[in-house]
Structure formats: structure tokens, C-alpha cells
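Asker: sequence first, then the predicted structure:
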Amino acid sequence: MQTKMESSTVVLYPDPTIGHLVSMVELGKLIHTHHPSLSIIILIIPTPDSTTSKYINTVSTTTPSITFHHLPTNVVPPDFSSNHLDRAFGVPELYNPFVHHTLITISEKSTIKGVILDFFTNAAFQVFKNLHLPTYYFHTGGASLLSVFLNIPAIQTINDSNAYFDVPGKETCLPNTF
């Protein structure tokens, strides 16, 4: 019988869209190649996308070292913003209670060595911080795009659509140009 200390896990938490999921799975494969004793668990926000489901089924069959944990379906409130950015960042935040519960359950069976977030699942950072888990970000885009993403909260506070905003690492841009 394995004890908690004999098992170590890395938890990956991607955005549920296929491009982000594939990149995170490839990262999981790479981690496992270099550290075969680690378990890799990927948290999945439910999506109606059949491509995502087919991909997960294929990876589950061909790569048993990676386990997918499907979070329960969560109802998006009817008054939730229809703005693309609000939804992209806000929907994962609705899953924080499920993520917290899942991490507690995982930690009862294994030592979580680290958590790797996708940029769009950033809302869970506070959950990981509160559980004192080492947390890292995985971003497959360029550094200038990452800089813009990291500054979105500040950019969204600008009310003048003609104002210029200096994003570190990126040329000066208008707040509504991305």
C-alpha cells in the first residue's frame, strides 16, 4: 500500500479549449519523461466541444501516465457578462470551489509537488496560494502577448478608448485594440 509520501503529483490546469489543452498535455508528457515517478493530473473544465472530448479520450488511451480529472458542470449565471474577455477569465473563476475540493482530495492520496496554470485559469491562483502549493504559469504565446495579458486588469480600468497605455514589453497601444 502506498502512503502519501510515496506518491507525488503535478497538477496542470489548462483553459479547456483544444489549443491550450494540447499544449498542456504535451507539457505533461515532457514532465513525465524527465520525472517518471511523478503522477500528472490535468484538471478539465467541462466544454461541449466534441473535439476536446475525442482528444482527451485518445490521450487517456495512449498515455496512461496522464490522468484527466473532469470538474463538475457549473452553471454560468444568466446575468454573466457576454464580453469575450470577461467570459474567458470569469468562467474559470466559477470553478474555484471545485478546484479547491479536487486539490484537497488529491492531496489526501499524494503530495502535490506543484501546479501549473494556463493564463486563462489564473483565477485559481488564489486557491493554490491558500493551499500553499508551488504554482507556475505556462504560456505558449510570445512574451509581448503575455505582457498584454498580465496588464488586462489595468487596461480595463481606462475609460477613454482613445487613451494610450504603455504595456511593458509591448509597443504602446490603445486599450481597445486587442
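Answerer: Perfect, thanks for sending it.
Asker: rest of the way, CA atoms for contacts and neighbours
Answerer: Will do.
Asker: for L30, what are phi and psi?
Answerer: phi -60, psi -40 (degrees, to the nearest 10).
Asker: and for K54, the neighbour number?
Answerer: 11 (other Cα atoms under 10 Å).
Asker: which helix or strand contains it?
Answerer: helix 50-62 (DSSP states H and E).
Asker: extract the C-alpha set from the following helix or strand past that helix and format it as PDB.
Answerer: Following helix 50-62 in sequence order, the next helix or strand is strand 66-70 (DSSP H and E). As requested, the backbone C-alpha atoms of strand 66-70 are provided in PDB (Å, rounded to 0.1, in the frame of the first residue of the first chain):
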ATOM      1  CA  ILE A  66      -1.600  11.400 -17.600                       C
ATOM      2  CA  THR A  67      -4.900  11.400 -15.800                       C
ATOM      3  CA  PHE A  68      -7.700  13.800 -16.600                       C
ATOM      4  CA  HIS A  69      -9.900  15.000 -13.700                       C
ATOM      5  CA  HIS A  70     -13.200  16.400 -15.100                       C
END
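Asker: give me the helices and strands touching strand 66-70, please.
Answerer: helix 18-34, strand 38-44, helix 50-62 (3 or more Cα pairs under 8 Å, 6 or more residues apart in numbering; DSSP states H and E).
Asker: looking at the ones you listed, which is buried most?
Answerer: Most buried of the helices and strands packed on strand 66-70 by mean neighbour count (mean count of other Cα atoms under 10 Å) is strand 38-44; its value is a mean of 22.
Asker: show me where the chain has helices.
Answerer: 18-34, 50-62, 84-94, 96-109, 125-130, 143-150, 152-155 (DSSP state H).
Asker: neighbours around K113, how many?
Answerer: 16.
Asker: any idea how far it lies from V10?
Answerer: Shown here: K113 relative to V10, a distance of 6 Å by Cα to Cα, to the nearest Å.
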